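>>> Structure of the sequence below:
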Amino acid sequence: MNSVEANLVDTAARSANAPTLALPVAAAAGIEAWHVESPVVPMIALAFTFEGGAAQDPEGKGGVAQMLARLLDEGAGDLSSDAFQERLAARAIELSFHAGADAVGGSLKMLVKHADEAIDLLALALAKPRFDPDAIERVRAQTLAGLRYQQNDPGVMASRRFFAEAYAGHPYARPSSGTPESIAAITRDDLVAMHRQIIGRGGLKVAAVGAIDADRLADALNRAFGVLDEAGPLNAVPQTQVGQLGRRVVVDIDVPQSVLRFGMGGVPWKDPDFIPAYVLNHILGGGSFTSRLFQEVREKRGLAYSVGTSLVSHRASAMTWGYTATKNERVGEALSVIGDEIGRLISDGPSDEELQKAKDYLTGSYALGFDTSTKIAHQLVQIAFEGLGMDYFARRNEMVTNVTQADIRRAGARTFADGRMLVVAAGRPTDFL
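This next block holds a predicted model:
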């Protein structure tokens, strides 16, 4: 690790234990950013997110938010797509956008000496995207090519079917990248309307890390985001839960190994039981080589190369979902092992030793998520988006350390309930249904 990397890790660790390092900076346009000043490297990383994502896609036109994100830097203002990209490349400016279920976000990374030009280009991309017909058709063609490729990917097909079954009739059931039919139906008017609805100051969260002081950052915020209007009203996304627990679904694909997706209830990030659920998930399947599922499914029985679980927290739902892949003829055995481990956690909970090891790992590894300025910026903006407060970085490790067996049992009851799961297998599994 060089001195620059060491300083960034030190900044991260101190950020996790001293929330005053992440300070709010307000601009005249009513925009607030969380700011960590670090003059060690002449670079600035900016992360931002707007409320509203793929869940806002119109019925029958899934993929609008994702296409919008891909088109924001495909020409803006008086700059064509090629001219815009050439300006970025000439100054080594890294600008990207993305869309998720609940948000459209992006990041900007630049050298300090090019910050003014980078901010101007960001402002153009956000406020004045061109949506030129040739750019729309190019992105449409790229998206369709990706979707055609994914039709032969068992992992993608299993995941899509899982969400379609888990959230049937809900916006979360739709794939954020759309379908061939929905992508073909998207018009320029749809993109303009989505831009007007989402890209605005009202649902904006911003974080900045690097060699920029508060005054200059306030000016940059005004220039980048102050030109935006207030976003239009978002469509209400109703609260929902994972449905069809206990059901098993097959996506028929002629492959020798079935890809499995399974899931059950969850706890949202802002819930007081999220941290206990997070620790519990680490013990079950989130702990890579140390988790129960890894040990039982892979190490002891050789049923799969990888297996794991994670917590998913959306604005309107939460779940615990997992993944693995195994030979068609061993799918039933793998699911039996997974179910048995969940059952043991329901009835007995983890051992005291397991719980302590999980807490030690989760607290000790936390700073690794802050080892670059870009990672710090994204962590800050995610915390802001979730409304957890900037003192979360100071509280987080303490909350993990304070998790008790009683907390684990309470979180387990909410997460696992009676142990039933929705399971989707892409392949031709035997001993499954």
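>>> what number of residues lie near D229?
Residues near D229, counting by other Cβ atoms under 10 Å, number 11. In short, each C-beta sits where N, CA and C put it, glycine included.
>>> Need the per-residue pLDDT for it.
At D229, the model reports a pLDDT of 88.
>>> Run a quick neighbour tally on the nearest residue to it once chain neighbours are set aside.
Nearest non-adjacent residue to D229, counting by Cβ to Cβ, 6 or more residues apart in numbering: G200, 5.4 Å away. Neighbour count of G200, defined by other Cβ under 10 Å: 20.
>>> ok, now how distant is G200 from A426?
39 Å (Cβ to Cβ, to the nearest Å).
>>> can you check H114 too?
Distance from H114 to A426, by Cβ to Cβ: 46 Å.
>>> Looking at these two, which one has more neighbours?
Regarding H114 and A426, a neighbour count based on other Cβ under 10 Å identifies A426 as having more, with 27 against 18.
>>> hang on, that one packs against P154?
Yes: counting by Cβ atoms under 8 Å, P154 is a contact partner of A426 at 3.9 Å.
>>> Name the residues contacting each of those two.
Common neighbours of A426 and P154, counting by Cβ atoms under 8 Å, 6 or more residues apart in numbering, are V251, I253, V255, S258, V259.
>>> List the buried residues for stretch 52-67?
For stretch 52-67, the neighbour count (16 or more other Cβ atoms under 10 Å) marks 52-57, 61-67 as buried.
>>> Take those residues and write them to TSV, including pLDDT, distance to T401 and secondary structure.
TSV is the format used below for the buried residues of stretch 52-67 (pLDDT from 0 to 100; distance: Cβ to Cβ, whole Å; DSSP: H, G, I helix; E, B strand; the rest coil):
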residue	pLDDT	distance to T401	secondary structure
G52	95	36	coil
G53	96	34	coil
A54	97	36	helix
A55	96	35	helix
Q56	96	39	helix
D57	97	41	coil
K61	95	47	coil
G62	95	42	coil
G63	97	43	coil
V64	98	44	helix
A65	98	38	helix
Q66	97	39	helix
M67	97	44	helix
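>>> ranges for the strands of this structure?
23-26, 32-37, 43-51, 94-99, 103-111, 204-210, 248-252, 257-265, 307-313, 318-327, 422-427 (DSSP state E).
>>> which other helices and strands contact the third one?
The contact analysis (3 or more Cβ pairs under 8 Å, 6 or more residues apart in numbering; DSSP states H and E) places strand 43-51 against strand 103-111, strand 204-210, helix 214-225, helix 373-386.
>>> Give me the number of neighbouring residues for the residue nearest to R301 when sequence neighbours are not counted.
Nearest residue to R301, sequence neighbours excluded (Cβ to Cβ, 6+ apart): V337, at 6.7 Å. Residues lying near V337 (other Cβ under 10 Å) number 21.
>>> can you tell me which residues contact the closest residue to E296 other than its chain neighbours?
Leaving aside its sequence neighbours, E296 sits nearest to V337 (Cβ to Cβ, 6+ apart; 5.3 Å). Counting by Cβ under 8 Å, 6+ apart, V337 touches L293, E296, V297, R301, L303.
>>> And V337, how close does it get to D134?
On the measure of Cβ to Cβ, V337 and D134 end up 53 Å apart.
>>> and what of Q150?
Taking Cβ to Cβ, one finds Q150 at 25 Å from D134.
>>> Which one's more surrounded, these two?
More neighbours surround Q150 than the other of Q150 and D134, with 15 against 12 (other Cβ under 10 Å).
>>> Spit out the contact partners of that one.
So Q150 contacts V156, M157 (Cβ under 8 Å, 6+ apart).
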